[in-house]
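**Q** the amino acid sequence is not available; the structure is as follows:
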């Protein structure tokens with residue numbers, strides 16, 4: 001069984017004395033149902049499980065009164081003696097809650113009643129064109145947590161890397177000392193594997209079980225096809241083709257030197273007014289992350305973000321590989337991807353940051369200055385340069401040499417290095433990107 005960080009979030013939620021119903025949001029197939037049910041069976045005597053996607057008839061439970069006693073009666077009639085309701089001992093799991101909007105409205109009534117814990121999961125919550133909205137969103141009566149595919153640390157756990165090894169990495173980062181060579185090489189290898197495998201649970205499990213990358217690629221492409229099926233099935237009729245076109249353009253968008261998302265790359269002559277909502281659909285489904293250009297690289301980053309100039313990355317690094325042609329896996333593992341390699345490793349770092357909950361920003365000026373990512377790290381504005389192997393950081397050096405203009409005092413260079421420092425630039429191996437989680 002894959003160890004997931006969501007387990008800690010669920011445990012913290014259960015420890016809250018006045019906890020609200022919990023809503024777990026995330027893209028399809030990121031492991032929401034498995035993690036929630038595993039937690040529920042470990043921590044409660046009785047688990048009531050309703051999956052609205054598999055059993056649309058369950059919607060009828062919520063078609064009348066949403067008072068808790070009425071819902072208990074209806075669920076008991078539906079599930080029979082297996083439905084045991086004991087205050088404080090029973091948890092109700094409402095899976096794929098977006099399929100039954102009234103069930104989400106009912107979270108308010110479960111909270112007001114207070115006898116039973118409730119967890120809902122949703123894949124396409126808030127996606128335009130999907131189903132109908134709840135009668136009332138229970139604002140103030142639910143706690144929402146975003147869940148993602150496995151991040152790199154969870155992938156390391158799955159591959160037998162211990163907490164002690166990760167603690168050693170953190171010490172090397174804190175003390176700015178090189179990682180021991182044997183461990184350094186092992187993490188470099190695991191990083192390349194994560195780049196091609198990514199973090200979708202079924203894909204990671206297949207890799208752990210077989211180490212056959214052909215199986216990995218087939219599963220990735222199955223997931224990509226399921227996403228495309230969702231676009232065709234659930235989007236508004238007028239948007240279906242445009243959403244698919246936006247999605248399929250992502251590898252091409254990343255091939256450009258600037259990587260700014262351009263609607264003309266989606267389709268010749270396309271404009272923002274025609275396609276902006278379609279790109280938003282993909283983002284709302286949890287498939288992509290948007291990285292905004294900054295007018296100037298200084299805090300607050302959100303305040304300096306240019307909302308109409310952005311890059312787009314796949315939320316999961318492995319799914320980007322799945323969108324590319326056969327042989328790409330091998331080329332990544334061999335380091336032979338030439339120019340496109342930079343796009344793949346930028347997406348890898350975007351994967352690191354997005355899965356730790358960081359909003360993504362970059363800096364690009366027509367003068368030629370370009371910084372791959374800009375983040376708040378240890379309370380300071382920090383430039384992040386990503387190098388697939390090695391390379392210069394001319395833009396970062398230019399900005400750092402003019403603190404009176406840019407107010408930036410530190411930068412991080414991620415690449416095929418061990419830990420080191422060059423003035424106010426910290427040099428780190430790419431695999432340490434997942435440790436840059438201190439806001």
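**A** Great, that's in hand. Computed from a predicted model, the values in this text were never measured in an experiment.
**Q** switch to C-alpha atoms for all contacts and neighbour counts from now on
**A** Fine.
**Q** least confident secondary structure element in this structure?
**A** helix 328-334 (a mean of 88; mean pLDDT, DSSP states H and E).
**Q** for the chain, which segments count as strands?
**A** 22-25, 46-51, 90-95, 117-122, 143-146, 288-294, 305-314, 360-364, 370-371, 373-377, 380-386, 410-415, 420-422, 425-429 (DSSP state E).
**Q** dump the ones you listed into CSV; add mean pLDDT as well.
**A** CSV is the format used below for the strands of the chain (pLDDT from 0 to 100):
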stretch, mean pLDDT
strand 22-25, 97
strand 46-51, 98
strand 90-95, 98
strand 117-122, 97
strand 143-146, 96
strand 288-294, 97
strand 305-314, 97
strand 360-364, 97
strand 370-371, 95
strand 373-377, 97
strand 380-386, 97
strand 410-415, 96
strand 420-422, 96
strand 425-429, 97
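**Q** residue 332 is nearest to which of those?
**A** With C-alpha to C-alpha, the closest approach to residue 332 among these belongs to strand 410-415: 14.3 Å.
**Q** the closest one: which residues count as buried?
**A** For strand 410-415, the neighbour count (16 or more other C-alpha atoms under 10 Å) marks 410-415 as buried.
**Q** other residues contacting the top helix by length along the chain?
**A** Taking DSSP state H as the criterion, the chain has its longest helix at helix 213-234. With C-alpha atoms under 8 Å, 6 or more residues apart in numbering as the test, helix 213-234 has contacts from 28-29, 129-131, 197, 202-204, 206-207, 240-241, 243-244, 318-319, 322-323, 329.
**Q** stretch 88-102 now?
**A** 33, 36-37, 40, 44-53, 56, 59, 62-63, 84, 103-104, 115-125, 131-135.
**Q** hmm, 7 Å instead?
**A** 33, 40, 44-53, 59, 62, 103-104, 115-125, 132-135 (C-alpha atoms under 7 Å, 6 or more residues apart in numbering).
**Q** now these: which count as buried?
**A** By 16+ other C-alpha under 10 Å, those give 33, 40, 46-52, 59, 62, 103-104, 115-125, 133 as buried.
**Q** which among the strands of the chain is found nearest to residue 182?
**A** strand 425-429 (13.8 Å).
**Q** and residue 238, how far is that from residue 283?
**A** 18 Å (C-alpha to C-alpha, to the nearest Å).
**Q** want to throw the strands of the chain into TSV with distance to residue 226?
**A** Converted to TSV, these look like this (distance: least, C-alpha to C-alpha, whole Å):
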stretch	distance to residue 226
strand 22-25	18
strand 46-51	19
strand 90-95	18
strand 117-122	16
strand 143-146	20
strand 288-294	15
strand 305-314	15
strand 360-364	26
strand 370-371	34
strand 373-377	30
strand 380-386	31
strand 410-415	33
strand 420-422	43
strand 425-429	34
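**Q** is the spatially closest residue to residue 260 that is not a sequence neighbour in a bridge, and if so with what?
**A** Computed as C-alpha to C-alpha, 6 or more residues apart in numbering, the closest residue to residue 260 that is not its neighbour in sequence is residue 311, at 4.7 Å. Residue 311 forms beta bridges with residue 291, as assigned by DSSP bridges.
**Q** can you give me the neighbour number for residue 311?
**A** 21 (other C-alpha atoms under 10 Å).
**Q** ok, it - contacts?
**A** Counting by C-alpha under 7 Å, 6+ apart, residue 311 has contacts 259-261, 290-292.
**Q** of all the strands of the chain, which one is nearest residue 166?
**A** The nearest among those, by C-alpha to C-alpha, is strand 425-429 at 13.9 Å.
**Q** mind listing what the closest one pairs with, with the direction of each?
**A** Applying DSSP bridges, one finds strand 425-429 paired with strand 410-415 (parallel), strand 420-422 (antiparallel).
**Q** and the first one, how far from the chain's centre?
**A** On the basis of C-alpha atoms, centre = their mean, to the nearest Å, the separation between the geometric centre of strand 410-415 and that of its chain is 22 Å.
**Q** contacts for it, please.
**A** Against strand 410-415 from outside (C-alpha under 7 Å, 6+ apart): 382-390, 424-430.
**Q** can you select the buried ones among the residues you listed for me in ChimeraX?
**A** Restricted to buried positions by 16+ other C-alpha under 10 Å, the ChimeraX selection for the contacts of strand 410-415 reads:
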select :382,383,384,385,386,387,388,425,426,427,428,429,430
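**Q** relative to residue 374, which of the contacts of strand 410-415 is nearest.
**A** Out of the contacts of strand 410-415, the member with the shortest distance to residue 374 (by C-alpha to C-alpha) is residue 383, at 4.7 Å.
**Q** tell me what the closest one is bridged to.
**A** So, taking DSSP bridges as the rule, residue 383 has residue 374, residue 411 as bridge partners.
**Q** contact partners for it?
**A** Contacts of residue 383 (C-alpha under 7 Å, 6+ apart): 371, 373-375, 396, 410-412.
**Q** ditto for residue 386
**A** Here residue 386 is in contact with 346, 372, 413-415 (C-alpha under 7 Å, 6+ apart).
**Q** now those in JSON lines, with distance to residue 188?
**A** JSON lines is the format used below for the contacts of residue 386 (distance: C-alpha to C-alpha, whole Å):
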{"residue": "346", "distance to residue 188": "16"}
{"residue": "372", "distance to residue 188": "21"}
{"residue": "413", "distance to residue 188": "16"}
{"residue": "414", "distance to residue 188": "12"}
{"residue": "415", "distance to residue 188": "10"}
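**Q** which one among the residues you listed gets closest to residue 303?
**A** residue 372 (18.5 Å).
**Q** isn't that closest one right next to residue 384, touching?
**A** Yes - if you go by C-alpha atoms under 7 Å, residue 372 and residue 384 touch, sitting 6.1 Å apart.
**Q** what's the least confident helix or strand of the chain packed up against?
**A** helix 181-197 (3 or more C-alpha pairs under 7 Å, 6 or more residues apart in numbering; DSSP states H and E).
**Q** from the contact counts, what lies against the helix it packs on?
**A** By 3+ C-alpha pairs under 7 Å, 6+ apart, helix 181-197 packs against helix 317-323, helix 328-334.
**Q** gap between residue 19 and residue 137?
**A** For residue 19, the distance to residue 137 - C-alpha to C-alpha - is 17 Å.
**Q** if we can go back for a sec, so what's the gap between the longest helix of the chain and the chain middle?
**A** The answer for helix 213-234 is 17 Å, by C-alpha atoms, centre = their mean.
**Q** neighbours of residue 7, how many?
**A** 14.
**Q** one more: residue 379?
**A** The burial count for residue 379: 10, using other C-alpha under 10 Å.
**Q** give me phi/psi at it?
**A** phi 80, psi 0 (degrees, to the nearest 10).
**Q** hang on, the earlier thing: now the longest helix of the chain: average pLDDT?
**A** Mean per-residue pLDDT for helix 213-234: 94.
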